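# Sequence first, then the predicted structure, then my questions.
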Amino acid sequence: MLNEVRTVPGEAVRFTGREFGVGSKMENVQIIGLSRQIALQHELDVIANNLANMNTTGFKGESLQFEEYLAPDASMDMFLAGDRDVSYVWDVATVRDFSQGAIYSTGNPLEVALNGDGFLVVETPEGERYTRNGAFVTNEVGELVTNDGHRVLGDGGGPIVIGAEDTDIAIAGDGTLSTADGIIARLRLVEFDDPQQLQKVGSSFYAGDDPQPASSTRVVQGAVENSNVVPVVELSRMIEVTRTYDVVSRLMRQEDDLRSRAIERLGTAQS
C-alpha cells in the first residue's frame, strides 16, 4: 500500500522513491509520471480558481512555478553501471500576477479603485489585512466597511466614520476623504517591497509584514478595480494542462503495458 503523499496546491511535493515503500516494484517512469500528474492537478486547481474569481473585485490571477527536483535516493545500485539521479517535477511556489486590473466606474462615492502597486488596509478579527477591493459601504454606525463588514482603516490606524448628515463626500487621489464640512479622514495606503511574499487570505485579502506608506499609488473615487484574470487565456491554459495530463497518462499506460508484456514473455521463455 502506498504511503500518504501530501498534494496541497502551492506546496512542494517531493518524491524520493521512499513514499512508495522500500523495495517497491514501481518503475521510475511511473513515479516521474505521477509527480507530473500531481503538479498538473495543482495547476488545474489554480486555473479553476482564477476562472471562479474573474468577476471578483481586486482579484489577482495566480500561476504555479515549477522546478526540477533531483532525487538521489530514488536510485538502484544493483546494476553494473552507476544509476543516475531521477528528475521529478516540483511545484515550488504559487506566483501572483499583481499587474493593474481594469478600472470600472460605478458612480458610488464610497467605492475606490487603486492606480498603482498599493493596498488598502482593513481590520479583521485576525489582525490587519491588505486588499485591492475598494467596494466599500457604511455600517449602522457610519463606519466605512467592506462588503464583509470589516472596517476600513484610516491613516491614524482607526476606523473612518461618515456621519448621516455628511454630504458631498469626496475622496482625493492621496486618499483624503472630505465632506461639505471639510476633511474627516484619510485612507491608509501601503506598499510592499516584494508583494510575492504576501500570504493570500480568502479571495481578495492578504497578510504580510513590514508595510510601507504608499508613495506612488493614487485613489480613484467612484470606481473599482476589476480582476486582472483574462478568461480566454485561462481557458487556453486549462486545455493545455488537460492535454498534457492525457499525454502523461498515456505514456504511463504504455510503460505499464510494456512491462506486463516483458514479464509475460519472460515467464513463457522460462517454462
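Okay, I see it. Numbering: from 1, shown residues only.
# CA atoms for contacts and neighbours, from now on please.
OK.
# For Asp174, give me phi and psi.
The phi/psi pair for Asp174 (degrees, to the nearest 10) reads phi -90, psi 10.
# And the pLDDT for it?
Looking at Asp174, its pLDDT is 94.
# and if you look at the one 3 residues further on?
Reading off the per-residue confidence, Leu177 sits at a pLDDT of 96.
# Could you do Ser203 as well?
Confidence score, pLDDT, at Ser203: 80.
# now swap in Val86 and tell me
62.
# Average pLDDT for stretch 47-55, rounded please.
On average, stretch 47-55 scores 94.
# That one: which residues count as buried?
For stretch 47-55, a neighbour-count test (16 or more other C-alpha atoms under 10 Å) marks 47, 50-51, 53-54 as buried.
# what pairs with Ala170 across the strands?
Ser178 (DSSP bridges).
# just the buried residues of stretch 47-55 now: which is nearest Ala102?
Checking those against Ala102 with C-alpha to C-alpha, the nearest one is Met54 at 11.8 Å.
# Could you tell me whether Thr57 really is in a strand?
No. Counting by DSSP: H, G, I helix; E, B strand; the rest coil, Thr57 is located in no strand; its state is coil.
# Dump the buried residues of stretch 47-55 to a markdown table, plus secondary structure and distance to Pro231.
Shown next, in a markdown table, are the buried residues of stretch 47-55 (DSSP: H, G, I helix; E, B strand; the rest coil; distance: C-alpha to C-alpha, whole Å):
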| residue | secondary structure | distance to Pro231 |
| --- | --- | --- |
| Ile47 | helix | 10 |
| Asn50 | helix | 8 |
| Leu51 | helix | 6 |
| Asn53 | coil | 10 |
| Met54 | coil | 7 |
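# ok, so of those, who is nearest Asn228?
Met54 (7.4 Å).
# now the stretch 1-150 of the chain, which segments are flagged as low pLDDT?
Within the stretch 1-150 of the chain, the segments meeting pLDDT under 70 span 1-28, 66-92.
# same thing but at 80, please
1-33, 35, 65-93 (pLDDT under 80).
# Mind jotting down where the helices sit in this structure?
Using DSSP state H, the helices of the chain run over 28-52, 231-270.
# Any idea which of the ones you listed gets closest to Asn147?
Taking the helices of the chain one by one with C-alpha to C-alpha, helix 28-52 is closest: 18.5 Å.
# ok and the closest one relative to helix 231-270, angle-wise?
160 degrees (axes from the mean of the first three to the mean of the last three C-alpha atoms, to 10 degrees).
# Which neighbouring elements make contact with helix 28-52?
Under the contact definition 3 or more C-alpha pairs under 8 Å, 6 or more residues apart in numbering; DSSP states H and E, helix 28-52 sits against strand 62-71, strand 86-96, helix 231-270.
# Burial-wise, tell me which of those comes out on top.
Mean neighbour count, computed with mean count of other C-alpha atoms under 10 Å, is highest for strand 86-96 among those, reaching a mean of 20.
# Can you give me the first-to-last residue distance of stretch 117-132?
9 Å (C-alpha to C-alpha, to the nearest Å).
# ok so, going back, dump the helices and strands packed on helix 28-52 to CSV, plus distance to Arg129.
Formatted as CSV, the helices and strands packed on helix 28-52 follow (distance: least, C-alpha to C-alpha, whole Å):
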stretch, distance to Arg129
strand 62-71, 19
strand 86-96, 17
helix 231-270, 27
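# hmm, back to that, could you export the helices of the chain to JSON lines, including columns for distance to Glu143?
Below are the helices of the chain laid out as JSON lines (distance: least, C-alpha to C-alpha, whole Å):
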{"stretch": "helix 28-52", "distance to Glu143": "30"}
{"stretch": "helix 231-270", "distance to Glu143": "35"}
